[in-house]
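# Any chance you can model this:
(one chain, ligands or ions: 1)
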Amino acid sequence: MEKSIKEKRKQAIDVMVDRVRCCLTEGVDESSLELAKHELMRLCEKKELFPREEFPTPSTERPELFFHVYADPVQEYSLYVYSALPGQTYRPHNHGNSWAIIAAIEGREIHSLYRQTGHSRAEWVTDITVQPGTAVSLLPGRLHAIRSAGDCPLMHLHFYGKAFEIQGERVEFDVKTGQAYHLTLDERHLSYIIDARH
Ligand SMILES: [Fe+2]
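Residues are numbered from 1 along each chain as shown. Take a look at the predicted model:
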C-alpha cells in the first residue's frame, strides 16, 4: 500500500536526523554545522511532504505557528515547521545552549547575525537571506535577528540541537537602548507550539 504523506515525511525526517547526527558525531563546529545545514536544505526540497493542509498559513490574530514535528527521546534534536504571515520580526537573540539551523520551504526572511560586544551590547555582523535554496546555521550562543522580506507567507524548518523547553537561558538584545534581557522560555512562550509529532 502507498505510504501516506505523513509516513513519507516521518521517514524523510528520520533520514535527515540520522545524517545530521553523523555530521556532528565529532563535535559541533562551524564546518560540521555547515554540513548539517545542507541536510536540512535537502529535506526542504521535498516540499510535497509539507502540505499547507497540515501546516496552514496562520491567521492575522495569531500570525505565526510552530509545529513540533520531531524530537528524539531526550529532546536533543528537535525539528519544527514554522508557518508565519509575512511581517514577523525578532530582535537579536540566541538559543541558549543549542545550535540552530533554519532553512526555507516557502517565503523569504532576513537573518541578521550579531556579535555580543559587551555585557549588554550586540553589534551587527552580516545579513543572510533565508529563502528556498538558502539556510542559516548558528553555533550555540550565536545571535540572530529576524525580519521578513517579501509578501509570501513563510514555511521554514527550524532545527535545534535542543527542544525549546531545554535550551536554557537565552539572551535578547535591544540594540537601540543597549539593554540585554535574560530569559528562559516558559509555558507562556511555548503555548504557540503545536505538537505534530504523532
Ligand atoms: Fe532564533
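
# Distance of residue 41 relative to residue 136?
As judged by Cβ to Cβ, to the nearest Å, residue 41 and residue 136 stand 11 Å apart. Bear in mind the C-beta positions are built from the backbone N, C-alpha and C, glycine included.

# more crowded one of these two?
The neighbour comparison of residue 41 against residue 136 (other Cβ atoms under 10 Å) goes to residue 136, with 21 against 18.

# what packs against the helix or strand harbouring that one?
Using DSSP states H and E, the element containing residue 136 is strand 135-138. In terms of contacts (3 or more Cβ pairs under 8 Å, 6 or more residues apart in numbering; DSSP states H and E), strand 135-138 is packed against helix 30-44, strand 100-106, strand 108-116.

# so residue 194 bridges to which residues?
residue 67 (DSSP bridges).

# contacts for the lowest-mean-pLDDT helix or strand in the chain?
Ranked by mean pLDDT, DSSP states H and E, the weakest helix or strand in the chain is helix 187-190, scoring a mean of 82. With contacts defined as Cβ atoms under 8 Å, 6 or more residues apart in numbering, helix 187-190 is touched by 164, 165.

# and it, which residues are buried?
The neighbour-count check on helix 187-190 (16 or more other Cβ atoms under 10 Å) flags nothing as buried.

# ok, now stretch 15-33?
16, 17, 19, 20, 23, 24, 28, 32, 33.

# ok, back up a step: in JSON lines, list the helices and strands packed on strand 135-138 along with distance to residue 130 and mean pLDDT.
Listed next are the helices and strands packed on strand 135-138 as JSON lines, based on distance: least, Cβ to Cβ, whole Å; pLDDT from 0 to 100:
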{"stretch": "helix 30-44", "distance to residue 130": "10", "mean pLDDT": "98"}
{"stretch": "strand 100-106", "distance to residue 130": "5", "mean pLDDT": "98"}
{"stretch": "strand 108-116", "distance to residue 130": "6", "mean pLDDT": "97"}
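
# Check the secondary structure at the most centrally placed residue in the chain for me.
What sits nearest the mean C-alpha location of the chain, by Cα atoms, centre = their mean, is residue 158, with 2.3 Å. Classification of residue 158 using DSSP: H, G, I helix; E, B strand; the rest coil returns strand.

# Is it correct that it is in contact with residue 66?
Yes. Applying Cβ atoms under 8 Å as the test, residue 158 and residue 66 come out as touching, 7.4 Å apart.

# quick one on the thing from earlier: if I look at the residue nearest to the centre of the chain, how far off is residue 48?
20 Å.

# on contacts alone, who are the packing partners of the lengthiest helix in the chain?
What stands out as the longest helix in the chain, according to DSSP state H, is helix 5-23. Here helix 5-23 touches helix 30-44, strand 64-71, strand 78-84, going by 3+ Cβ pairs under 8 Å, 6+ apart.

# Cheers, nothing more for now.
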